[in-house]
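A.B. asks: Starting from these lines, generate the structure:
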Amino acid sequence: MMKKKKEKKGSSDVVNKGKGEQGNPLSHLSQEEDKDGYDDTREITLEGEVSFVGESTKRETSNMSVEGHVPLQGVSTPADGESNSAVGQQIFGDSPEHYEYYEEETLRGEEEEEISDISTDEMLSGMESDTDVPEQVKQFTSGGKFMYKHFYNEEISALSEEIQEKERILEEINKTTWKLKNRFLKLEKHINTKKKEVTKKKKIVEEKKKMHEEENGACVNVQAKNQFLVKQNEQLKCEKERNNAKIIKTQNDLIECEKSIEDMKEKLVDKEKELYEWTVQIEKLQKEEFEVEKFALCQDKEIENMTYKLEKLNVEKVEQEKKVNRMKTKNMQLHMELQENIKENEKMEEEKKKLRTKWKCVVDSINNRDQTIFKFEEEYTKYTMKKEKLMDKCKEINEHIEMQRGKNHVLSDKVKREETNLNRIKKEQNKVDEELKKAYDERDILVKDLECEKITSREKVEEKNNLQNNLTELGKTLQKLVQSFEESRREYTKEELKSVEKNQLIKSSEQILIEHNGKLAKLNAQIKMLDEEKFQLQEYLQKSKNEYTILETDMVGTQIKIKQMKSNIKKMEQELERQKEILYKFDFQTQVLTKKLNVASGISTFEKKKKCQKKIDTLEKEFTRYEDIYTTLNNEMKRINVELKNIKTQQMSMKEEKGSILHDTEKLELEIKSLESTVLAQNKEKENVMLIEMNLKIELDKMKEIFSNNLDSLNVLKVKKKKNVQNEKLNEQDMHAHIDSLKVIVKNMSDELHKLNMQVHDKKNRCNNLELKLDAIHVRHGDEEHHPQGQQDEAGRLDRPDDQDNKHILYKIKIEEDISNLKQEIETLDANIEKENQQVNQFQKTLNEIIQTNKDFSDNIKCINPEYKELLKKKNKLNKKCNQIKEDIASIEKDINEYNKKIKEVEKELNYVLTGARSVEDKVTALKENSRKMEGIINDLFVKIERASNQLRTIVGAKKKPMGSQLGGSLSDHDGEADPTDGSADNGDERVSLEKRVFKQIQMESLKEKLAFLVECFKSHGDNEVVREIYNVIEASE
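C.D. replies: Model prediction:
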């Protein structure tokens, strides 16, 4: 039943596989067919499609049938040359109905599941189950053959062979049928997939046609977009080139900044060198102080050693003299004390003499220092006097600035008055000449005011130079103070070499140095005050510059007014053109009238005509002259505007440079302060390191003394050690002899143990062999018990005796007895082994005890002197301390080297800062010179603007008089002749044309003229680096 179920499962699996493959478009199968053809599809394997049928005594297997109850005798395997159709006919019988039915069922793609179920059920319907077979027959498989216990004939074997052959035939038939089925199914699926692909391709072709039409429409838009993008690309390229030019300019500016930074670094290097010199001097002083303290400590140690030795000698003498006579010892002691007091008195007197000499030297040095201090105070008083003078000058400058402000207000009021005057000129044409005279007078006053301002600006510059000179003088005084300080230091060093009591002198000198440092700090504070004053003066200068910018704004206002005047002039020109047209009309009418009069009265009006023509010619000449003046004024105004723009750009650049320079100076000051703080911290660290070194040296001296004492004790112990060593050697000889005897005993015991282990091993091997034999016998006995009934039947039929069973029982009994004996022997052997192990352990314990006693004996010999261990411990501690001290000294030296390196780096940075500060000062001086030159240029521009304004005023005054007279005559004679509408239209056209002309003239001014003007300005200021770079850029652009 199990086998049948498995077969059914296999058939259903194959069908399910076919179902699963329907979902996919059979791409892999189509590829296999393309490569190898349809014949390769036959090689598909099937699982569990062979039906296994049990045998029966009645040969019922010959009547089995598959699909349509076809007998098995009519089935035959196809030959190699036969077709699959023939095979199909053989399988389903000779009747064509079954074959057609099979084809119809295979061609249907929808009824695949029914086919698979019918085929498997019908194939298995003819099979007989295991229940049909009689119970008497039992199968025992062994190597693929059938074993029957009840039958002994050869018929069974023949029947079994026939059944096997028929089963093989059935298996082959089933395989061929399933292969055919699978191939037909695959063909159907392949055809369906091809149809679907054709429909899909048709749809794709239609979609592609639509896409082509849409793409053709989109291409036109894309081409237009591409053209637009190309134009934008060109514009972007132009902008890129401009940006590249700007980038080059910025790079040049960065290079200049880097150069300035390098200059600052050079200044810092110089300052670092000065710091290094100061540090070297400080180190020299510290070394001298250290040597002095060292000398004093050495003297103290020598005195202590001498006192220690004297005390020892005195103690020994007292002990010896006590034995002889106590009275003599007392006398001797008194005598010694008297001698010592005498010596001490002599020493005290000598020391007093030395102290007097030293005191005199110290007093002289103090007097010298007092003199230097008085000098410093005198110089300080001078400095304060100069400071007060400078403050007075600053006050005067402030007052002068306030006066200038008042004048500026007066000037602004005058400008307002001028504006009111101009308005009055338009209204009152008869009073123009008088107001012009007043304007000339006011111009002279303004010129005088400008000259006064120039003089005041020069005075300011001179005061500034005086302040700079004062600063240089203060720097020189500082240098003198430093030199005097160095001289005082040298004197101090000389006095220290002569003196003996250097500790007191060092303290006094330190106090003096602190005072000097305080004075230097005061001087530095005063220098900072001067810097602040300088900064205030710079602020005053900036204020004056701001006032100058206010004047420039006033100039811009005047320019605006000039533009208004130009617009008024344009209006006047338009009015002139109108008058010309009116004159042309009047001339035309006069000609007509003259013709009529000539005809009527002759040539009486010819002379009037000539006079009128002369007047017209004079007016036209004046008009041309005025036009030339107007063009010249326009050109001058344009040039002035260009010059003002250039000046403003230069001023802005100068201001930016000043701001950057101030920012750099502030940064440098902060860096200098930080470096000074680091230098002070490093000096403190150095002092701490020196103190640590002193303490370490003192400890080393103490350790040396302790070490010398320990050496004496060690020498005493060495003598004792020699005696103890001799005694130890004798004891060790006895111990070695005893140990050798014990070793011989241990060897014998180990040999006996080895022999016993060998015997135990042999017995264990025997036991293992016997156990294996017993296991084999048990296995056989189990097999016999598993089939007791069959053995009994065979014994009854074959008439076998029961001797074998009796033998088995005897063997079992003997084996059990042997096992019990072996177990007893193993237990006895284990007991013996345990006893021998215990004996060996006892021997080992005795040996260990002997060795320990030997060690204790040696330790006791060494420890006869109880202080021996303590001395060794002390010695080890001393060695450790010495090593630690050496390591500490090495680490301190490394730290000192690192600090020296850091100090050198700081000095280098200070030198860089100093160089940068110097370069900044140079730039500041250059900027000041440029500002002076710019002031001169601006003054020239003021003069030009005044001239242009005067010329305009004259032109306006000259034009308005003839225009008024002409307008009056024309209006009185020809009021109703001209139409107002026509005139307004013509005037609008003429205004537009004039404005266009003006704008064209402004736009047509070439850049070359402006650049030429800039080049002239830059050539006059060629010393400045920034101006040079701008000039180079302009030349490149040309």
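A.B. asks: immediately after the stretch of helix or strand Lys273 belongs to, which helix or strand?
C.D. replies: Assigned by DSSP states H and E, Lys273 belongs to helix 155-324. On the C-terminal side of helix 155-324, the closest following helix or strand by DSSP H and E is helix 326-427.
A.B. asks: Summarise which helices and strands that next one is packed against.
C.D. replies: Here helix 326-427 touches helix 155-324, helix 432-498, helix 502-601, going by 3 or more C-beta pairs under 8 Å, 6 or more residues apart in numbering; DSSP states H and E. C-beta here means a position set from N, CA and C on the backbone, and glycine is covered the same way.
A.B. asks: what does the average pLDDT come to for the helix holding Lys273?
C.D. replies: Averaging pLDDT along helix 155-324 yields 76.
A.B. asks: Over to stretch 754-770?
C.D. replies: 70.
A.B. asks: and what of stretch 407-415?
C.D. replies: Stretch 407-415 shows a mean pLDDT of 73.
A.B. asks: The helix or strand harbouring Leu680 vs helix 155-324, what angle?
C.D. replies: Here Leu680 sits within helix 606-786, counting by DSSP H and E. Angle, helix 606-786 to helix 155-324, by axes from the mean of the first three to the mean of the last three C-alpha atoms, to 10 degrees: 100 degrees.
A.B. asks: re the thing from before, relative to helix 326-427, how tilted is the helix holding Lys273?
C.D. replies: Orientation of helix 155-324 against helix 326-427 (the same axes, to 10 degrees) gives an angle of 120 degrees.
A.B. asks: domain assignment for this protein?
C.D. replies: Here the domain parsing of the chain from automatic domain parsing is 2-131+146-209, 380-583, 1006-1038.
A.B. asks: Now the weakest link among those domains, please, by mean pLDDT.
C.D. replies: Among the domains of the chain, domain 2-131+146-209 carries the lowest mean pLDDT (a mean of 53).
A.B. asks: re earlier: so which of the helices and strands packed on helix 326-427 is nearest Tyr626?
C.D. replies: Among the helices and strands packed on helix 326-427, the nearest to Tyr626 by C-beta to C-beta is helix 502-601 (8.7 Å).
A.B. asks: and Lys908, how many neighbours?
C.D. replies: 19 (other C-beta atoms under 10 Å).
A.B. asks: What helix or strand is it located in?
C.D. replies: Taking DSSP H and E as the criterion, the element that holds Lys908 is helix 868-973.
A.B. asks: pLDDT averaged over that helix - what is it?
C.D. replies: For helix 868-973, mean pLDDT is 65.
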